[in-house]
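[1] here is my input, please return the structure:
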Amino acid sequence: MLTELSIRNVVLIDSLNLEFNAGLTALTGETGAGKSIVLDALGMATGARSDRGLVRAGTEKAQCSAHFELPVSNPVWDILSESDIEHDVNEALILRRVLSKDGRSKAYINDAPVSVKLLSEIGRHVLEVHGQHDGRNLMDITTHINLLDQFGGYASLLVACSDAFSARKTALAKFQALVSRQAKASEDREYFEHSVSEIDRLDPKLNEEDGLVSQRRFLQGAEGALTELNAAEDALGESGAFEERLGAALAGIERVQNKLGDVETSATKALKKAAEALERAMLETQEAREAVSEAAASFEVEPGQLDVTEKRLFALRAAARKFETDINGLSVKRAEFSDLLSSITNLEADIKSVQKRVTETEIEYQNAAKALTKARISASKNLAESVMSELPPLKMERARFVVAIEAGEPLATGQDRVLFEVSTNPGSPMGPLDKIASGGEMARFALALKVALSGNSDQVMVFDEVDQGVGGAVADAVGKRLKRLAESAQVFVVTHSAQVAASAAHQFRIEKSSDAAMTTTHVSVISDDEREEEIARMLSGENITKEARAAARQLMAS
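    Numbering: from 1, shown residues only. Now for the predicted structure:
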């Protein structure tokens with residue numbers, strides 16, 4: 001429900017604050033007083049197309065804001081959540097628009113800056129305008145299918161069709177991905193087979209790199225070590241030569257000992273010590289020669305062994321770089337490539353399986369869409385009949401209204417395009433509602449349609465020129481239908497008809513005043529007594545008669 005409308009510097013309006021109530025509200029006033037300005041301001045606040053011509057002359061910018069109270073179930077709250085706009089479902093939704101005289105526009109929702117596109121999207125969910133100012137509702141053919149579905153009441157079919165469409169879409173996406181993968185499968189297969197073969201030829205072992213690095217370091221130092229060990233062997237002399245010299249020295253000492261006998265002197269003790277040292281030297285020299293020889297043997301390697309080791313190490317490292325891993329990870333890569341080869345091998349089977357699922361989901365979707373189309377065809381006839389039954393009392397007895405259903409592209413909502421078509425004169429061809437009907441006729445078609453739908457609506461409905469060119473019983477019929485519609489929705493009507501105005505629960509009078517400097521439009525809510533006078537004026541003109549006042553009282557009482 002629209003609760004407040006604030007207007008600043010819009011055309012003839014300087015400053016205006018309006019408060020509204022539920023039910024039917026009439027906006028009345030003489031031609032040219034500025035009723036359309038109020039609608040333009042409301043449209044501006046809700047994101048309708050607005051140009052700089054709305055900015056009051058002599059001012060820099062125009063500003064309009066509209067306050068709405070909406071139920072928790074209104075889809076607007078979800079849109080705000082998706083757009084990260086702060087809101088409280090228990091508080092008013094405030095839509096605001098600022099238009100500069102240079103044509104620049106700024107939009108706000110709950111004082112948060114937003115795009116005009118988002119403001120317009122929100123506006124479409126809270127406001128419907130029918131008549132010459134209508135540009136976002138019945139004239140937008142994309143809304144027709146939703147109105148028909150609302151009338152038809154086949155929500156379960158809509159859900160089934162949406163679910164089937166989602167399943168079909170998922171299956172198609174999977175199938176297309178597999179087909180795309182198959183297109184490059186031969187190239188992939190060759191690469192994966194070559195990679196597996198390359199790693200198999202290398203046959204890397206766990207932690208093999210550490211062993212090869214150690215072996216390479218040993219082999220690189222083996223030649224120099226062998227040279228040093230050979231030199232050590234040479235220093236120890238040929239086998240037995242050094243020992244013979246030591247033996248000769250020991251024999252000489254023993255001969256001296258024999259000559260001296262067993263006399264124990266410092267000299268004999270020294271000789272004994274020397275003899276023992278020579279004996280030890282002979283033994284250790286032999287052991288040293290054997291140890292050095294053994295060490296030299298351990299450094300004797302086969303020719304080319306270093307080259308073999310390095311080739312192995314470098315080949316493993318090159319493969320690891322190629323496959324973006326380390327040497328220990330080559331086995332893991334080999335398993336990955338093997339799995340990918342298996343998946344390529346199984347690709348044809350997967351494609352056949354998914355293709356079967358695509359066929360199944362297509363059949364399911366087609367069945368769901370056909371059931372929906374069948375329901376829509378039935379609902380379209382009933383809706384057309386309901387609307388047609390409302391047209392004669394609205395002085396459109398010669399008009400025809402049909403709901404055209406055409407085949408369209410597959411969507412979650414089915415495969416139908418729904419279009420409201422009308423003919424306003426006998427013999428005239430049927431055509432789109434927005435192309436055939438005039439502003440007043442558009443408003444009356446909308447009124448008939450809304451009465452036919454006759455359901456609760458969160459949207460505020462505005463009817464402009466709905467009484468254009470009619471009077472008497474027709475105007476009374478318009479008023480009664482608006483009143484009935486206002487029982488389940490907030491409705492505004494811009495009217496010149498006393499009968500229509502009398503049907504309203506609330507009435508605002510729009511007047512224009514001028515002085516030497518400027519012309520200004522004023523809007524004021526009028527009491528019941530003032531309403532009687534205003535309706536009497538609408539009946540008789542400037543000279544209000546007793547009869548007009550009596551007629552006004554009767555209209556208001558009926």
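[2] okay, now the sheet partners of the helix or strand hosting Ser65, with direction.
    Using DSSP states H and E, Ser65 maps to strand 61-68. Using DSSP bridges, the strands paired with strand 61-68 are strand 2-10 (antiparallel), strand 93-100 (antiparallel).
[3] of the ones you listed, give the one that comes closest to Pro429.
    strand 2-10 (38.4 Å; CB to CB). All C-beta spots, glycine's among them, are computed from the backbone N, C-alpha and C.
[4] state the mean pLDDT of the closest one.
    Here strand 2-10 scores 94 as its mean pLDDT.
[5] same deal with stretch 264-277?
    The pLDDT scores in stretch 264-277 average 74.
[6] thinking again about what came up before, what's the closest of the strands paired with strand 61-68 to Ala281?
    strand 93-100 (110.5 Å).
[7] buried sites along that closest one?
    Buried residues in strand 93-100, counted by 16 or more other CB atoms under 10 Å: Leu93, Ile94, Leu95, Arg96, Arg97, Val98, Leu99.
[8] check which helix or strand Phe165 maps to.
    Phe165 belongs to helix 155-183, assigned by DSSP H and E.
[9] show the subsequent helix or strand relative to that helix.
    Next in sequence after helix 155-183, counting helices and strands by DSSP H and E, comes helix 185-202.
[10] pull the residues that contact that next one.
    With CB atoms under 8 Å, 6 or more residues apart in numbering as the test, helix 185-202 has contacts from 315-316, 319, 323, 330-331, 333-334, 337-338, 340-341, 344, 347.
[11] just checking, His506 touches Val525?
    Yes: between His506 and Val525 there is a contact under CB atoms under 8 Å: 6.9 Å.
[12] same for the helix or strand harbouring Ala536, what does it pack against?
    Using DSSP H and E, the element containing Ala536 is helix 528-540. For helix 528-540, the elements it packs on are helix 498-502, strand 506-514, helix 546-557, judged by 3 or more CB pairs under 8 Å, 6 or more residues apart in numbering; DSSP states H and E.
[13] just say which of those is most tucked in.
    Highest mean neighbour count among these (mean count of other CB atoms under 10 Å): helix 498-502, with a mean of 28.
[14] and that helix, C-alpha only, in PDB?
    Taking C-alpha atoms only, helix 498-502 is exported to PDB below (Å, rounded to 0.1, in the frame of the first residue of the first chain):
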ATOM      1  CA  ALA A 498     -18.900  12.500 -10.600                       C
ATOM      2  CA  GLN A 499     -20.200   8.900 -10.500                       C
ATOM      3  CA  VAL A 500     -16.700   7.500 -10.300                       C
ATOM      4  CA  ALA A 501     -15.500  10.000  -7.700                       C
ATOM      5  CA  ALA A 502     -18.600   9.300  -5.600                       C
END
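[15] identify the residues contacting that helix?
    26, 28, 466-467, 471-472, 475-476, 478-479, 482, 493, 495, 507, 531, 534-536, 538-539, 551-552, 555-556, 558.
[16] centroid residue for this structure?
    Glu82 (8.9 Å; CA atoms, centre = their mean).
[17] for the chain, name the helix or strand with the lowest mean pLDDT.
    Across the helices and strands of the chain, mean confidence by mean pLDDT, DSSP states H and E is lowest for helix 208-235: a mean of 67.
[18] which residues of the stretch 1-150 of the chain fall in helices?
    Listed in chain order, the helices found in the stretch 1-150 of the chain under DSSP state H, counting those that start in this stretch are 35-45, 76-82, 116-126, 144-152.
[19] and for the stretch 251-400 of the chain?
    Secondary structure of the stretch 251-400 of the chain (DSSP H, counting those that start in this stretch): helices located at 266-298, 305-322, 330-345, 347-390.
[20] can you put these in TSV and add distance to Gly153 and mean neighbour count?
    Output for the helices of the stretch 251-400 of the chain, formatted as TSV (distance: least, CB to CB, whole Å; neighbours: other CB atoms under 10 Å):
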stretch	distance to Gly153	mean neighbour count
helix 266-298	97	14
helix 305-322	66	15
helix 330-345	49	16
helix 347-390	8	16
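[21] need those helices in a markdown table with distance to Gln415, can you?
    Shown next, in a markdown table, are the helices of the stretch 251-400 of the chain (distance: least, CB to CB, whole Å):
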| stretch | distance to Gln415 |
| --- | --- |
| helix 266-298 | 86 |
| helix 305-322 | 52 |
| helix 330-345 | 36 |
| helix 347-390 | 5 |
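[22] ok, which of the ones you listed comes nearest Ala167?
    Nearest to Ala167, of the helices of the stretch 251-400 of the chain and by CB to CB, is helix 347-390 at 4.7 Å.
[23] before we move on, back to that, can you list the strands paired with strand 61-68 in JSON lines and add distance to Phe165?
    Shown next, in JSON lines, are the strands paired with strand 61-68 (distance: least, CB to CB, whole Å):
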{"stretch": "strand 2-10", "distance to Phe165": "36"}
{"stretch": "strand 93-100", "distance to Phe165": "32"}
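[24] ok and the top strand by length along the chain relative to helix 155-183, angle-wise?
    Ranked by residue count and defined by DSSP state E, the top strand of the chain is strand 400-411. Here strand 400-411 runs at an angle of 30 degrees relative to helix 155-183 (axes from the mean of the first three to the mean of the last three CA atoms, to 10 degrees).
[25] ok, strand 400-411: who's next to it in the sheet?
    When pairing is defined by DSSP bridges, strand 400-411 lines up against strand 414-423 (antiparallel).
[26] give me the contact list for the partner strand.
    Contacts for strand 414-423 (CB under 8 Å, 6+ apart): 138, 141, 144-145, 148, 161, 368-369, 372-373, 376, 380, 399-409, 429-433, 436-437, 441, 445, 449.
[27] give me that answer again for 7 Å
    141, 144-145, 148, 161, 369, 372-373, 376, 399-409, 429-433, 436-437, 445 (CB atoms under 7 Å, 6 or more residues apart in numbering).
[28] how far does stretch 346-362 sit from its chain's centre?
    With CA atoms, centre = their mean, to the nearest Å as the basis, stretch 346-362 stands 28 Å off its chain's centre.
[29] nope, stretch 490-498 is what I meant
    Computed by CA atoms, centre = their mean, the chain-centroid distance of stretch 490-498 equals 42 Å.
[30] you'd agree Gln63 is up against Ile13?
    No: Gln63 is beyond contact range of Ile13, at 10.9 Å (criterion: CB atoms under 7 Å).
[31] would TSV of the helices of the stretch 1-150 of the chain with mean pLDDT be doable?
    Shown next, in TSV, are the helices of the stretch 1-150 of the chain (pLDDT from 0 to 100):
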stretch	mean pLDDT
helix 35-45	89
helix 76-82	91
helix 116-126	92
helix 144-152	89
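[32] comparing those, which stretch has the densest surroundings?
    Most buried among these, given mean count of other CB under 10 Å as the contact rule, is helix 35-45, at a mean of 24.
[33] quick one: that one to strand 2-10, angle?
    The directions of helix 35-45 and strand 2-10 differ by 100 degrees, with the same axes, to 10 degrees as the criterion.
[34] then helix 35-45 to PDB, C-alphas only?
    Output in PDB follows, covering the C-alpha atoms of helix 35-45 (Å, rounded to 0.1, in the frame of the first residue of the first chain):
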ATOM      1  CA  LYS A  35      -3.600  15.700 -12.100                       C
ATOM      2  CA  SER A  36      -1.100  14.100 -14.600                       C
ATOM      3  CA  ILE A  37       1.700  15.800 -12.700                       C
ATOM      4  CA  VAL A  38       0.900  13.800  -9.600                       C
ATOM      5  CA  LEU A  39       1.000  10.600 -11.700                       C
ATOM      6  CA  ASP A  40       4.300  11.700 -13.300                       C
ATOM      7  CA  ALA A  41       5.800  12.300  -9.900                       C
ATOM      8  CA  LEU A  42       4.600   8.900  -8.600                       C
ATOM      9  CA  GLY A  43       6.100   7.300 -11.800                       C
ATOM     10  CA  MET A  44       9.300   9.200 -11.300                       C
ATOM     11  CA  ALA A  45       9.600   7.900  -7.700                       C
END
